[in-house]
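In: take a look and give me a structure for this.
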Amino acid sequence: MKTVLITGANKSIGFETARQLLQLGYYVYLGSRDLTKGQQAVDQLRADGLPQVEPIMIDVDDLHSVQSARDELGQKTTVLDVLVNNAGISGSITAGPLATDLGEFRQVLDTNFFGVIQVTQAFADLLHQSPEPRIVNVTSGLGSLTRQSDPSWVYYGITPAAYVASKAALNAYTIALANHLRDTPFKVNAVDPGYTATDFNHHSGPGTVPDAAARVVKAATLGPDGPTGQFYSDDNAPDTGISPW
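Out: Numbering: from 1, shown residues only. Take a look at the predicted model:
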């Protein structure tokens, strides 16, 4: 049975990703920075007939929390097949690059960028034990420098500065990580789940949570011939599913 750790999985897209992977037969470690909320999410999934799931307390901003989660998971399994770096925050969605406080830049980057690095490095040894390890970094189309520079793009000019910077940095890290692991069985990809109606954006997005999670699941379950080092964004590139960096 394959195993997966999903950060920020007690609600929204992370929770639905857990549900869909459980339905595919994965054993899910449901990451949540609040263990009570994580347990509530696990209880809901088990009540829905999906028992192969348990909570893991992990705050991606906190190195001690990440290390504790790694130690806990290491007592449960010697192999991690999939890591989904889903946890993220938006910061201010209206402040531009001159108005956004430096502290907010740091806070958003701590979660969306440095948090991913901390988690990936901490769990890399368990991933290396898998014959087909997969890393999925949940990003945003707003992190595409090419799209952000294109006046014809539907979201051109939408620049929540800290969030955009964090996702552009995450995309760059994804490329670096995929290149570093290119001669191994790893598949490392970035996935934009699309502009989805969640509490992340006050339920303003037109997309649905099941559709968003399905994009993440697709990258998490790639076969041995699947691509690596790609930026999947069906909303932006419907023909290929791959968006420009």
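In: how far does stretch 65-74 sit from its chain's centre?
Out: Centroid separation between stretch 65-74 and its chain, computed with Cα atoms, centre = their mean, to the nearest Å, is 18 Å.
In: name the element Ala213 belongs to?
Out: helix 209-220 (DSSP states H and E).
In: give me the mean pLDDT for that helix.
Out: Average pLDDT, helix 209-220: 95.
In: quick one: name whatever helix or strand follows that helix.
Out: Assigned by DSSP H and E, the successor of helix 209-220 is strand 231-232.
In: thinking again about what came up before, would you mark the buried spots in the helix holding Ala213?
Out: Neighbour counts over helix 209-220 (16 or more other Cβ atoms under 10 Å) mark Val209, Ala212, Ala213, Arg215, Val216, Val217, Lys218, Ala219, Ala220 as buried. Every residue, glycine included, has its C-beta placed from N, CA and C.
In: and which of the residues you listed is nearest Leu127?
Out: Ala220 (12.4 Å; Cβ to Cβ).
In: surely the closest one touches Pro133?
Out: No. Using Cβ atoms under 8 Å as the test, Ala220 is too far from Pro133 to be in contact (10.7 Å).
In: list the residues that contact both of those two?
Out: Common neighbours of Ala220 and Pro133, counting by Cβ atoms under 8 Å, 6 or more residues apart in numbering, are Val82.
In: SS state for Ala165?
Out: helix (DSSP: H, G, I helix; E, B strand; the rest coil).
In: using PDB, list the CA coordinates for the helix holding Ala213.
Out: What follows is helix 209-220, C-alpha atoms only, in PDB (Å, rounded to 0.1, in the frame of the first residue of the first chain):
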ATOM      1  CA  VAL A 209     -12.700  21.700  -4.800                       C
ATOM      2  CA  PRO A 210     -13.100  18.100  -6.300                       C
ATOM      3  CA  ASP A 211     -11.800  19.300  -9.700                       C
ATOM      4  CA  ALA A 212      -8.900  21.200  -8.000                       C
ATOM      5  CA  ALA A 213      -8.000  18.100  -5.900                       C
ATOM      6  CA  ALA A 214      -8.100  15.900  -9.000                       C
ATOM      7  CA  ARG A 215      -5.300  18.000 -10.600                       C
ATOM      8  CA  VAL A 216      -3.200  17.400  -7.600                       C
ATOM      9  CA  VAL A 217      -4.000  13.700  -7.500                       C
ATOM     10  CA  LYS A 218      -3.000  13.300 -11.100                       C
ATOM     11  CA  ALA A 219       0.500  14.500 -10.400                       C
ATOM     12  CA  ALA A 220       0.700  12.500  -7.200                       C
END
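In: next, Leu5: phi, psi?
Out: Per-residue torsions, Leu5: phi -110, psi 130 (degrees, to the nearest 10).
In: count of residues packed around it?
Out: Counted by other Cβ atoms under 10 Å, the residues lying close to Leu5 total 26.
In: which residues touch it?
Out: Leu5 sits in contact with Tyr29, Gly31, Ile56, Leu73, Leu80, Val82, Leu83, Val84, Phe123, where contact means Cβ under 8 Å, 6+ apart.
In: dump those residues to JSON lines, plus pLDDT.
Out: Below are these laid out as JSON lines (pLDDT from 0 to 100):
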{"residue": "Tyr29", "pLDDT": "98"}
{"residue": "Gly31", "pLDDT": "98"}
{"residue": "Ile56", "pLDDT": "98"}
{"residue": "Leu73", "pLDDT": "98"}
{"residue": "Leu80", "pLDDT": "98"}
{"residue": "Val82", "pLDDT": "99"}
{"residue": "Leu83", "pLDDT": "99"}
{"residue": "Val84", "pLDDT": "99"}
{"residue": "Phe123", "pLDDT": "98"}
